[in-house]
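Colleague: just to be clear, the model below is a prediction. Sequence and coordinates:
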Amino acid sequence: MRTHPKIIGVTLATAVMGAGLAFYAGAGDAATPSSVQDGEGIRKADRRPQTLELAQAPQPTSTLPGGATSLNETYRDWQVACVQQGAAKRCALSQSQSQQNGQRVLAVELNAPAGNTVTGTLVLPFGVALDAGVALQVDDKPTGQPLRIRTCLPVGCIVNLSFDLPTLLALRAGSTLKIKATADGGAEAPFSISLQGFATALDRVGVLSR
C-alpha cells in the first residue's frame, strides 16, 4: 500500500537566516565640539549628544504562493513539499511506500533540478546486501551502472541518486522505476516506484524553487 506523507524527512532540511541588528551613530557635526564663553569668562564645550538608533534588517518575504512558509501538493503518486524560513527555501518531490502495519518499505526524495541533473536519496529497508548495491531501470531499460548502498541508518539503507538528462527523459516517459537489490541471504529483493505524476511534480518543484 502506498502512502503520501507530507515529507519524508530523510534529506529535506531548512536553513535559518536570522535578521541582524545594526547600530547607527549620528553624523555631521554631532561629534564636533563648539566652544562658547559664559558670563564669567569660563570657556565650556557645547557638545550635541550622540544618538544611537536600533535598526532591524528587513525580513525577506516568502516567494511561495500566497506568502506561505510551507507547501504540500500531490501529483498522482508523488508529493511536492517546500519549506521557507527567512531567505532560505528548499523544495523536493518524494514518494513513500508502506505496509498495512505502517512500516515503511522504501522512500525516495529528489531535489529540484540543477541544470540537466536531479540528485536525491533512495531509502531501502534493512536486510539488503550492502556489497551487492542496487540496479535501477525504467520499465525494462537499465539506467546505468549499479549504485552503491552508502550506509544504513535508523531510517533505512541509503542510496545516493543522480539522474542525468537521458535518464530524466526516460523517467518522464516511463511508468515504473524498478529497483533490483539483493537480500542478505542472496535472494533477489525487487522494488518498484510508480512514475505516475513524476513529470508534473518535477516541473512544479523546478518552478517553486526559483
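Modeller: All right, it came through fine.

Colleague: going forward, measure contacts between C-alpha atoms and count neighbours the same way
Modeller: Fine.

Colleague: tell me which residue is most central in the chain.
Modeller: residue 90 (3.6 Å; C-alpha atoms, centre = their mean).

Colleague: okay, and the beta partners of that one?
Modeller: Beta-bridge partners recorded for residue 90 (DSSP bridges): residue 83.

Colleague: so it sits against residue 84, correct?
Modeller: Yes - using C-alpha atoms under 8 Å, residue 90 is in contact with residue 84, at 6.6 Å.

Colleague: wait, doesn't residue 205 sit right on residue 89?
Modeller: No - applying C-alpha under 8 Å as the test, residue 205 and residue 89 come out as separate, 11.5 Å apart.

Colleague: just for this structure, where's the confidence low?
Modeller: Counting by pLDDT under 70, the chain contains low-confidence ranges at 1-61.

Colleague: where along it do the helices fall?
Modeller: 165-173, 198-208 (DSSP state H).

Colleague: do you know which of these lies nearest residue 94?
Modeller: Nearest of these to residue 94, taken as C-alpha to C-alpha: helix 198-208 at 8.9 Å.

Colleague: quick one: contacts of the closest one?
Modeller: 64, 74-75, 77-80, 82, 91-93, 112-113, 171-172 (C-alpha atoms under 8 Å, 6 or more residues apart in numbering).

Colleague: now tabulate the helices of the chain in JSON lines and tack on mean neighbour count and distance to residue 124.
Modeller: Formatted as JSON lines, those follow (neighbours: other C-alpha atoms under 10 Å; distance: least, C-alpha to C-alpha, whole Å):
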{"stretch": "helix 165-173", "mean neighbour count": "16", "distance to residue 124": "20"}
{"stretch": "helix 198-208", "mean neighbour count": "19", "distance to residue 124": "20"}
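
Colleague: so which of the ones you listed comes closest to residue 99?
Modeller: The nearest among those, by C-alpha to C-alpha, is helix 198-208 at 21.9 Å.

Colleague: what's the angle from the closest one to helix 165-173?
Modeller: 120 degrees (axes from the mean of the first three to the mean of the last three C-alpha atoms, to 10 degrees).

Colleague: gap between the two ends of stretch 88-108?
Modeller: Start-to-end span of stretch 88-108 (C-alpha to C-alpha, to the nearest Å) is 23 Å.

Colleague: how about it: buried residues?
Modeller: Residues of stretch 88-108 classed as buried: 89-97, 104-108 (neighbour count, 16 or more other C-alpha atoms under 10 Å).

Colleague: same deal with stretch 149-158?
Modeller: 149, 152, 156-158.

Colleague: go on, stretch 186-199?
Modeller: 192-199.

Colleague: how about the closest residue to residue 145 other than its chain neighbours, what does it touch?
Modeller: Here the nearest residue to residue 145 in space, its sequence neighbours aside, is residue 135; by C-alpha to C-alpha, 6 or more residues apart in numbering that works out to 6.9 Å. Residue 135 makes contacts with 142, 144-147, 179-181, as judged by C-alpha under 8 Å, 6+ apart.

Colleague: are any of these buried, and if so which?
Modeller: 146-147, 179-181.

Colleague: out of these, which are inside strands?
Modeller: 179-181 (DSSP state E).

Colleague: contact partners of stretch 146-165?
Modeller: 10, 116-126, 130-136.
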